[in-house]
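S.K.: Show me the folded form of this:
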Amino acid sequence: MKESMAQLLAVQQLDRKLMRFRREIRDIPARKEALDQEKASAEERLNDIEQRQRQNAAEQGNLESEIESLREQIKRYKRQQLDVKTNDEYRALTHEISAVEQKISQLEDREIELMETAERLNAEHREARERLDDEEDRIGAEKEALDRRLEEVQRDLDEVSARREEKAAKVDKRTLAHYKRIFDNRGDYAVVPIENGVCTGCHMKVTPQTVHDAQAAQKLVACNYCGRLLYVPADHRTS
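M.R.: Coordinates of the predicted model:
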């Protein structure tokens, strides 16, 4: 049974490596997806600025058309002034011209605001474009590194899997199946040492008889609390 325990410990060491490799393989797609999300955020930022630029340009275009239309209206009023017969009609047209000129002035003020906004948006666009370019370079490099790492981990996993099969073939099938059920259930260790009378898997104190049986190694000994298989390390054995 001492030999079986040594074999199980060797299998467990490889199983834990495989567990780490599989976890990393599972995590790599999620890490790449997170990088894609970072890129998407930078693209969304740039698209938002470009949308605001289009809206700003459209409003400027509408203002220019409106201002031009109002200026044409002033020209018509002035031509009409040449044909009026009374001072009241002339003053009425002068009043209309003044109102239109005030409207134009307000629109031109708004046009200046839009031009200032356009300058700010242009600066933001340059910054966002540069940031996106930098993000694309960084993310591309990181994804390539993750792809290389995935290949490396897959090779390591295949190699360790083969070694694990060799080690497992030396273990009694019933003992191996018992070990595997515990390992799969616990997800960390199936075989743990007893130290100072305590199961190092669940950190509960075991009975002296359990310690004695684990040290004797005549049979598989399980912790009464967590069910893990127990052994006593050579440097903790008593004569």
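S.K.: I'd guess I194 is in a strand, am I close?
M.R.: Yes. Checked against DSSP: H, G, I helix; E, B strand; the rest coil, I194 lies within a strand.
S.K.: residues contacting it?
M.R.: T200, V206, T210, V211, A214, L230, Y231, V232, H236 (C-beta atoms under 8 Å, 6 or more residues apart in numbering). No exception for glycine: its C-beta is placed from N, CA and C like everyone else's.
S.K.: gap between it and T86?
M.R.: 117 Å (C-beta to C-beta, to the nearest Å).
S.K.: how far away is the nearest residue to L176 once chain neighbours are set aside from H178?
M.R.: Residue nearest to L176 in three dimensions, not counting chain neighbours: A168, with 5.8 Å by C-beta to C-beta, 6 or more residues apart in numbering. Separation of A168 from H178 (C-beta to C-beta) stands at 13 Å.
S.K.: about what we covered before: my read: the residue nearest to L176 touches Q13, true?
M.R.: No. The criterion here is C-beta atoms under 8 Å, and A168 misses it with Q13 at 11.9 Å.
S.K.: between the two, which one's more packed in?
M.R.: More neighbours surround A168 than the other of A168 and Q13, with 18 against 15 (other C-beta atoms under 10 Å).
S.K.: Just the ones in helices from the contacts of I194, please.
M.R.: T210, V211, A214 (DSSP state H).
S.K.: Make a PyMOL selection of whichever of those turn out to be buried.
M.R.: In PyMOL, this line selects whichever of those come out buried by 16 or more other C-beta atoms under 10 Å:
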select buried, resi 210+211+214
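S.K.: and which of the ones in helices among the contacts of I194 is nearest I139?
M.R.: Nearest to I139 among these: A214, at 52.2 Å, using C-beta to C-beta.
S.K.: about what we covered before: looking at the contacts of I194, which is nearest I25?
M.R.: T200 (28.6 Å).
S.K.: pLDDT wise, what is the closest one at?
M.R.: pLDDT, T200: 97.
S.K.: E111 - how many residues pack around it?
M.R.: E111 has 17 neighbours, counted by other C-beta under 10 Å.
S.K.: Leaving out chain neighbours, which residue sits closest to it?
M.R.: For E111, the spatially nearest residue (C-beta to C-beta, 6+ apart) is L63, at 5.0 Å.
S.K.: Make sure that neighbour is actually in contact with M115.
M.R.: No. Applying C-beta under 8 Å, one finds L63 not in contact with M115, separated by 10.2 Å.
S.K.: Just want to know which of the two has more residues nearby.
M.R.: Neighbour comparison, L63 and M115: the larger count goes to L63, with 15 against 12 (by other C-beta under 10 Å).
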